[in-house]
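Asks: Structure of the sequence below:
(one chain, ligands or ions: 1)
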Amino acid sequence: MHAFHFDTLWHHSGAMEMVVTNLSDDTVVAPSLYYGSITRTLMPSKAEGGRFVRRQANYHEYAADETMALASGAQWHVTEHSLTRAAVHSNEGPKSGAILLSSGETGKTFVTDLQAAAPQRNEASEASDLRCGVLPQAQNISVENYHAQTPPHLLVRGDLNLQREASKVSALTRRLHPLVPVPFVLAAPQGTIEVSAKSSELPDDSYAIRFAGGAIEISHGAGQGLFYALVSLAQMMTYAQLDPKTYALPREGEISDAPRHGWRGAHLDVSRQFYKLGKVLRYVDIMAWHKMNRFHWHLTDDEGWRLEIKAYPKLTEQASATGMMESILPQLGADAAGQRGFYTQDDARHVIDQAGELGIEVMPEIDLPGHCACVVGAYPELLDTEEELESYHSVQGFGNNALNPAMDLSYTFSEKVLGEVCDLFPFDVVHVGGDEVADDAWMKSPKAEAMMKETKLKGTFELQAHFLRHLQQFLASRGKSIGGWEEMAHGGGVKTENCLLFAWTTVEKTAELAEAGYDVISTPGQAYYLDMAQSSDWCEPGASWAGVTPVTQTYSFEAQNDSPALAKHLKGVQGCVWSEHLTTMERVNHMVFPRLSAIAEAGWTDAEGKDFGRFETIARLMPRL
Ligand code: TNX
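Replies: Okay, the predicted model is just below:
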């Protein structure tokens, strides 16, 4: 979060007004301010509200009076009348800057675009809900009388919480759409449309926006209601700038909105391809812009382990690398040098914090007991030494890649790893995979044979379920629920309490798991796997095991039907981004968008509100990775 927000106003008298809002909890005594601006102060300075300290080229510094105390939520205005030039574009004011505290520290500051003093006002146009550029579509839109030219900014006025949320959504908009003006400013010239907000009895995460009398009023429920209202307004402002023929800001009427599902997830496989921290953060931003709220971070798989675990340093020293000299040879997309990369626990905290600010919980996935080829490569003691090598193969072709439920070390390893994961990730579900163990795994392990004899457990899947039930108990002792793919129900399965399963192999699987009593997230390969090819053309990239998935199929899929079990147990929907084929960012963007936007809309908007034509028009404008 930014501790300060910095707006600037251009006055036609030739003065530039700098307005700093203190978004922190603390009163700040005698702050200074620096910024870089191409519209420069001409010596000698003629400033009001602050004392000119120094300038070097575009660097400027001003100090407040020594007795000045800037309370939390309060604003400090400095107006400079002596300038080298008249500003004629919004990028000619401060581009960057920060508050300098008397302690010598710098306060994190968000800087908006320079605003012109007299915002343009225009006359009206027609009524239609289609001109509100929001995605996912809001549940009820009843507005009219659009601005012929949407103003660049809205002035947000209210308490500290509202100022913080608005500044945060402006910063998010800037990251995703850097070429349009930020939607919300906290100081503006007279005549700028004002936005106010109040909390109300609306359900959690819901909101309403009223446009009337030249002002905008938000009312919102608890949770993310205010944030979602501001994101909707930010989208309307942004798309009115980007495509003014199609989108505009209304002057009259009301939007009321609430999410359809509690879980609106997006998954990212960072094992098959490693994506740098910045891309992961951007993925989280894009999710927030779509009002998605659960990031499923697939951190481990056969091809690479991506999370620092203090108890097992070789997981990141060795298991995070493929290459000619590594235990995992170069796989999909890497040259002979292989691929390496992982996130430190500090990196993970960075993602968790940014996601948290944007209303997103991060669910980590540590894929167990299968998909562990790189793990046993780094720690071969996890294998039963008497088990024949390559005695079974996973569907992806890895030999002996599953931790063996007959070995104590499998439990020690999993508990130590999951213990660190529980400490690191605050979200109450930890996903432990459970998928795609070969159906003959461990059947040639003498240790597994002995265990089966002793316990009467039969075959791979009963052994697997035994192991997973143990993990479920362990996680419960740490106050967490277990998450896993649908195979967690095999072989007798894990307990239905404190458990969330992800149905993926077929469209029917969601209801089957719900009928078996499991809470379930619907993510069928046939609709929501964004690695599936979008057409049957030879040159169209993607996987094919679940068929061809054009965006129309993703968009029209409905996870919910009349099943009473689904009414009780369907917790939401999720898009999965498996990365075997996503070898370049161009491919990622080609395959993930706009299908991820379609899933976001399925998670938020009731079936009656869906309309492919409307969706397609706005989906084109949504940000890419
Ligand atoms: C199945 S979905 C997998 C992944 C692959 C994906 C490719 C699941 C639980 N397992 O390991 O990446 O298919 O579409």
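
Asks: residue boundaries of the helices in the stretch 101-250 of the chain?
Replies: Per DSSP state H, counting those that start in this stretch, the stretch 101-250 of the chain carries helices over the ranges 160-176, 225-242.

Asks: ok, Y529 touching W504?
Replies: Yes: contact criterion Cβ atoms under 8 Å: Y529 and W504 qualify, at 7.4 Å. Backbone N, C-alpha and C define where each C-beta goes, glycine included.

Asks: so what sits against both of the two?
Replies: Common neighbours of Y529 and W504 (criterion: Cβ atoms under 8 Å, 6 or more residues apart in numbering): 523, 576.

Asks: In stretch 561-576, which residues are buried?
Replies: For stretch 561-576, burial by neighbour count (16 or more other Cβ atoms under 10 Å) applies to 565-566, 569-576.

Asks: coming back round to it: so for V20, which of the helices of the stretch 101-250 of the chain sits nearest?
Replies: Each of the helices of the stretch 101-250 of the chain has some distance to V20 by Cβ to Cβ; the shortest is helix 160-176, at 11.5 Å.

Asks: Against which helices or strands is the closest one packed?
Replies: strand 109-116, strand 154-156, strand 184-185, strand 194-199, helix 225-242, helix 277-289 (3 or more Cβ pairs under 8 Å, 6 or more residues apart in numbering; DSSP states H and E).

Asks: Quick one, which of those gets closest to H590.
Replies: helix 277-289 (15.0 Å).

Asks: Flag every buried residue along the closest one.
Replies: Quick answer for helix 277-289 (16+ other Cβ under 10 Å): 280-289.

Asks: what's the answer for stretch 300-307, then?
Replies: In stretch 300-307, counting by 16+ other Cβ under 10 Å, buried: 300-307.

Asks: Which of those fall within strands?
Replies: 300-301, 304-305 (DSSP state E).

Asks: need these in a markdown table with pLDDT and distance to the ligand, can you?
Replies: Formatted as a markdown table, these follow (pLDDT from 0 to 100; distance: Cβ to the nearest ligand atom, whole Å):
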| residue | pLDDT | distance to the ligand |
| --- | --- | --- |
| T300 | 98 | 11 |
| D301 | 98 | 7 |
| G304 | 97 | 13 |
| W305 | 98 | 15 |
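
Asks: Please tabulate the helices and strands packed on helix 160-176 in JSON lines and include mean pLDDT as additional columns.
Replies: Converted to JSON lines, the helices and strands packed on helix 160-176 look like this (pLDDT from 0 to 100):
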{"stretch": "strand 109-116", "mean pLDDT": "94"}
{"stretch": "strand 154-156", "mean pLDDT": "98"}
{"stretch": "strand 184-185", "mean pLDDT": "98"}
{"stretch": "strand 194-199", "mean pLDDT": "98"}
{"stretch": "helix 225-242", "mean pLDDT": "98"}
{"stretch": "helix 277-289", "mean pLDDT": "98"}
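
Asks: With distance to A438 as added columns, please give these in JSON lines.
Replies: Compiled in JSON lines, the helices and strands packed on helix 160-176 are given as follows (distance: least, Cβ to Cβ, whole Å):
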{"stretch": "strand 109-116", "distance to A438": "51"}
{"stretch": "strand 154-156", "distance to A438": "56"}
{"stretch": "strand 184-185", "distance to A438": "53"}
{"stretch": "strand 194-199", "distance to A438": "53"}
{"stretch": "helix 225-242", "distance to A438": "44"}
{"stretch": "helix 277-289", "distance to A438": "30"}
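
Asks: Tell me the one among the buried residues of stretch 561-576 nearest to A543.
Replies: Looking across the buried residues of stretch 561-576 and measuring by Cβ to Cβ, the closest to A543 is C576, at 11.1 Å.

Asks: Which single residue of the stretch 401-550 of the chain ends up nearest the ligand?
Replies: In the stretch 401-550 of the chain, no residue comes nearer to the ligand than D435, which is 3.5 Å away by Cβ to the nearest ligand atom.

Asks: Tell me if I'm right that that residue and E487 touch.
Replies: Yes: assessed by Cβ under 8 Å, D435 is found in contact with E487 at 5.1 Å.

Asks: What's the separation between L100 and H5?
Replies: 16 Å (Cβ to Cβ, to the nearest Å).

Asks: Would you confirm that M532 contacts A546?
Replies: Yes: the pair M532 / A546 is scored as a contact, 5.4 Å apart, by Cβ under 8 Å.

Asks: Overlap in contacts, those two.
Replies: With Cβ under 8 Å, 6+ apart as the test, M532 and A546 both reach 525-526.

Asks: okay, the two: which has more neighbours?
Replies: Between M532 and A546, counted using other Cβ atoms under 10 Å, the more crowded position is M532 (25 against 19).

Asks: and that one, what is it in contact with?
Replies: M532 sits in contact with 525-526, 542-544, 546-549, where contact means Cβ under 8 Å, 6+ apart.

Asks: Can you list the strands that the helix or strand where I255 lies pairs with?
Replies: Assigning secondary structure by DSSP states H and E places I255 in strand 250-257. Sheet pairing of strand 250-257 (DSSP bridges) gives strand 140-146 (antiparallel), strand 207-212 (antiparallel).

Asks: Point out the most buried one among the ones you listed.
Replies: Highest mean neighbour count among these (mean count of other Cβ atoms under 10 Å): strand 207-212, with a mean of 21.

Asks: quick one: contacts of it?
Replies: Residues contacting strand 207-212 (Cβ under 8 Å, 6+ apart): 143, 200, 202, 216-221, 225-226, 228-229, 232-233, 249-258.

Asks: Check stretch 82-100 too.
Replies: By Cβ under 8 Å, 6+ apart, the list of residues contacting stretch 82-100 reads 3-4, 6, 8, 10, 14-16, 18, 20, 28, 31-47, 61, 106-109, 111, 113-116, 152, 181.

Asks: What mean pLDDT does it get?
Replies: Taken as a whole, stretch 82-100 has a mean pLDDT of 90.

Asks: Please state the offset of that stretch from the chain centre?
Replies: Relative to the chain's own centre, stretch 82-100 is displaced by 32 Å; criterion: Cα atoms, centre = their mean, to the nearest Å.

Asks: again, but for stretch 193-200
Replies: 26 Å.

Asks: tell me which residues in it are buried?
Replies: 193, 195-197.

Asks: And the contacts of the strand holding I255?
Replies: By Cβ under 8 Å, 6+ apart, the residues outside strand 250-257 that reach it are 124, 127, 131-132, 134, 138-147, 206-212, 214, 228-229, 232.

Asks: Direction-wise, compare it with helix 225-242 and give the angle.
Replies: 140 degrees (axes from the mean of the first three to the mean of the last three Cα atoms, to 10 degrees).

Asks: quick check: angle from the helix or strand just after strand 250-257 to helix 277-289?
Replies: Next helix or strand after strand 250-257 toward the C-terminus (DSSP H and E): strand 263-269. Counting by the same axes, to 10 degrees, strand 263-269 lies at 160 degrees to helix 277-289.

Asks: So what touches strand 263-269?
Replies: 275, 280, 283, 287, 290-298, 301, 363, 365, 521, 523, 571-580, 596, 599-600, 603-604.

Asks: hmm, try it at 6 Å
Replies: 283, 287, 292-294, 296, 298, 521, 571-572, 574-579, 603 (Cβ atoms under 6 Å, 6 or more residues apart in numbering).
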